[in-house]
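A.B. asks: structure of the sequence below:
(one chain, ligands or ions: 1)
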Amino acid sequence: MPAEQQTFAIVGAGFAGAKAAETLREEGFDGRLVLLGAEPERPYERPPLSKDYLRGESDREAASVHPAGFYGDHDIELRTGVTATSLDPAGRELELEGGERLAYDRLLLATGAEPRALRIPGAELDGVHLLRTFADSDALRARLEGGGRLVVIGAGWIGAEVAASARQRGMDVTMIAPESVPLERVLGLEVGAIYRDLHREHGVELLLESGVDAFEGDGAVERVRTKDGRTIDCDAVVVGIGAAPRSALAEAAGLAVDNGVLVDARLETSVPGIFAAGDLANQLHPRLGRLRVEHWDNALHQGPAAARGMLGAGDGYARLPYFFSDQYDVGMEYSGYASADDRVVFRGDPATREFVAFWIRDDRVQAGMNVNVWDVAEPIQALIAAGGSVDLARLADPGVELSELAQVTP
Ligand SMILES: Cc1cc2nc3c(=O)[nH]c(=O)nc-3n(C[C@H](O)[C@H](O)[C@H](O)COP(=O)(O)OP(=O)(O)OC[C@H]3O[C@@H](n4cnc5c(N)ncnc54)[C@H](O)[C@@H]3O)c2cc1C
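C.D. replies: From the prediction side, this is the model:
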C-alpha cells in the first residue's frame, strides 16, 4: 500500500512518542499519523518536574517538547486525554477508551513508566505524593510553597533531586532509604558518599539503612513511622522508589514482555510492525545486551530510531546510556553503564565537587561521570566506546587529554 494511504499510530505522547512523530514527518512519511496521549497536556519533558519547574522557576511551556502549533502544522493528529485500552496485533487495531477503534499499519508503543507506590498503611493519606506528571509536580510544588517538613522516601535520582529542591525552597527535609548512601545502586558506595555529604551540608536529615512501616495521620499524613520504631512529624511525603514499565497493554496483547517490552536492536517487538521505545523498551543493545533505560536521552534518541525502523530504515540503536542530574549547585552527566562495584578512579579531587569519576573493569572504562566539569561527555563516551585497556595513572591525570586515552591498545 502506498505510504500516503497508511496509518501509523503512536501510543504514548511523551518524549519518545513526540520525537518519533517528528522524525516520521522529517523522514517523509506522508500517511496518517496519530499520536495518542493519556495525559491532558501536549508532550512534555519530565526532568524539570523535580528541578526548576518544581521550585516554581520555570513554566510548562519551557518543558514542552514542541510549540503548540507543531502538531497541526505537521499534520500529526495529537489526541490528548485519550488512553489506548487494548491492542489486537492480528487485526492491527487499537481500542481506545470509550470504545473507538483505530486501525493502524505500523504501531509504536511509547507508554513510558509509572512510579512505584509503597504498599504500607497510610499510603492513601492526603499529602503522600508520587512524582511523574505535571499534575504530580503541581501538587508537590504547592506543598513546597507551604513550608514545614517533607519526608522523602528513597535516595535515588528523584528522591535526591526533590530533597534538594525542597531544601532550596526552605522546607525541612528528612530522607529515608535502605541504602548506605544516596544513589548507591548506580554510583556505588564511594561516589554515593559524595552525594550523602552534599545533602547533609545542605541540611537534609538522612536516615539511611532504614525503612518505613507506615504513614499516620487523620485524613492527611502527619507522621512517618520507620522500621526501627522512630516517628517523624511531617507535612508531606514524597515516595521516590523507582518506576515500573507501563507494559500492561503490550502484555495483554501477547507481545513478549520481561521488565518492559522486549525489542530487538532495531526496536521492533516480538510482533513485526510493532515497535517500542523509551522507558518502556527493553532492548537487545548491540554492545550491552538486554537493557531498559529510564533516561531523557534514551527517549530523545530511541523515539527517532524507532520511527526510522517503522519506515523500514535504520540500523540497530547502539547509543550508550547517558543521563544528567542537578542537585543544589552540583550538576553532573553520567555516560555508559557500570556496575556499582566496579573500581572507581577519580580525575580531580572529589572534595572540590569538580571532578570526573570513571568506573573500571579489567582496566577498561565502563562509565564516566563528570561533576561540575563540562564539555567532556563526548570524549568520555568515545573512551568507553573505544573499549581498550587504559593506563589508570594517565586516566586520573587531568593533564592528559581524554581523547589521547581513547586511542589505546585493544
Ligand atoms: C520527575 C522526573 C525527573 C526526571 N529527571 C531526569 C533527568 O534529570 N535526567 C534524565 O536523564 N532523565 C530524567 N527523568 C527520566 C525521563 O523523564 C524519562 O526517561 C522520559 O520521560 C521517558 O520518556 P517516555 O516517552 O519513554 O515515557 P513518558 O515520559 O512516561 O511518556 C509516556 C506517555 O505515555 C502515556 N501513556 C501511557 N499509557 C498510555 C495508553 N495506554 N494510552 C495513551 N497514552 C498512554 C503516559 O500518560 C505518558 O504521557 C526524569 C523523570 C521524572 C519522572
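A.B. asks: up against the ligand, what does this protein have?
C.D. replies: The chain comes close to the ligand at residues 11-17, 36-39, 46-47, 49-50, 83-84, 110-113, 131-132, 158, 246, 249, 278-280, 294-297, 299, 323-325, as judged by CB under 6 Å from any ligand atom. C-betas here are computed from N, CA, C, even on glycine.
A.B. asks: give me the residue from the stretch 151-300 of the chain nearest the ligand.
C.D. replies: Taking CB to the nearest ligand atom, the ligand has its nearest neighbour within the stretch 151-300 of the chain at residue 278, 2.2 Å off.
A.B. asks: wait, what's in contact with that residue?
C.D. replies: By CB atoms under 8 Å, 6 or more residues apart in numbering, residue 278 lies in contact with 12, 14, 15, 16, 17, 110, 112, 298, 299, 302, 303.
A.B. asks: can you tell me the helix or strand for the closest residue in space to the third one that isn't next to it in sequence?
C.D. replies: The one in question is residue 15. Nearest residue to residue 15, sequence neighbours excluded (CB to CB, 6 or more residues apart in numbering): residue 299, at 4.0 Å. For residue 299, the enclosing helix or strand under DSSP states H and E is helix 296-310.
A.B. asks: list the buried residues of stretch 372-385.
C.D. replies: For stretch 372-385, the neighbour count (16 or more other CB atoms under 10 Å) marks 373, 376, 377, 379, 380, 381, 382, 383, 384 as buried.
A.B. asks: all helices for the stretch 51-200 of the chain, in order.
C.D. replies: Per DSSP state H, counting those that start in this stretch, the stretch 51-200 of the chain carries helices over the ranges 60-63, 70-73, 134-146, 157-168, 184-201.
A.B. asks: just name the most buried of those.
C.D. replies: Mean neighbours per residue, mean count of other CB atoms under 10 Å, is largest over those for helix 157-168, with a mean of 24.
A.B. asks: any idea of the angle that helix forms with helix 184-201?
C.D. replies: Angle of helix 157-168 versus helix 184-201, following axes from the mean of the first three to the mean of the last three CA atoms, to 10 degrees, is 10 degrees.
A.B. asks: run the chain-centre distance for helix 157-168.
C.D. replies: Distance of helix 157-168 from the chain centroid (CA atoms, centre = their mean, to the nearest Å) equals 15 Å.
A.B. asks: what lies in contact with that helix?
C.D. replies: Residues outside helix 157-168 that contact it (CB under 8 Å, 6+ apart) are 50-51, 54-55, 115, 131, 140, 144, 150, 152-153, 173, 175, 177, 182-183, 186, 195, 199, 202-204, 238, 240-241, 323, 325-328.
A.B. asks: return the alpha-carbon coordinates of that helix using PDB.
C.D. replies: Provided in PDB are the C-alpha atoms of helix 157-168 (Å, rounded to 0.1, in the frame of the first residue of the first chain):
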ATOM      1  CA  TRP A 157      17.600  10.300  41.500                       C
ATOM      2  CA  ILE A 158      14.000  11.500  42.000                       C
ATOM      3  CA  GLY A 159      14.300  11.400  45.800                       C
ATOM      4  CA  ALA A 160      17.700  13.200  45.800                       C
ATOM      5  CA  GLU A 161      16.500  15.900  43.400                       C
ATOM      6  CA  VAL A 162      13.300  16.500  45.200                       C
ATOM      7  CA  ALA A 163      15.100  16.700  48.500                       C
ATOM      8  CA  ALA A 164      17.400  19.300  47.000                       C
ATOM      9  CA  SER A 165      14.600  21.300  45.500                       C
ATOM     10  CA  ALA A 166      12.600  21.300  48.800                       C
ATOM     11  CA  ARG A 167      15.700  22.500  50.800                       C
ATOM     12  CA  GLN A 168      16.200  25.200  48.200                       C
END
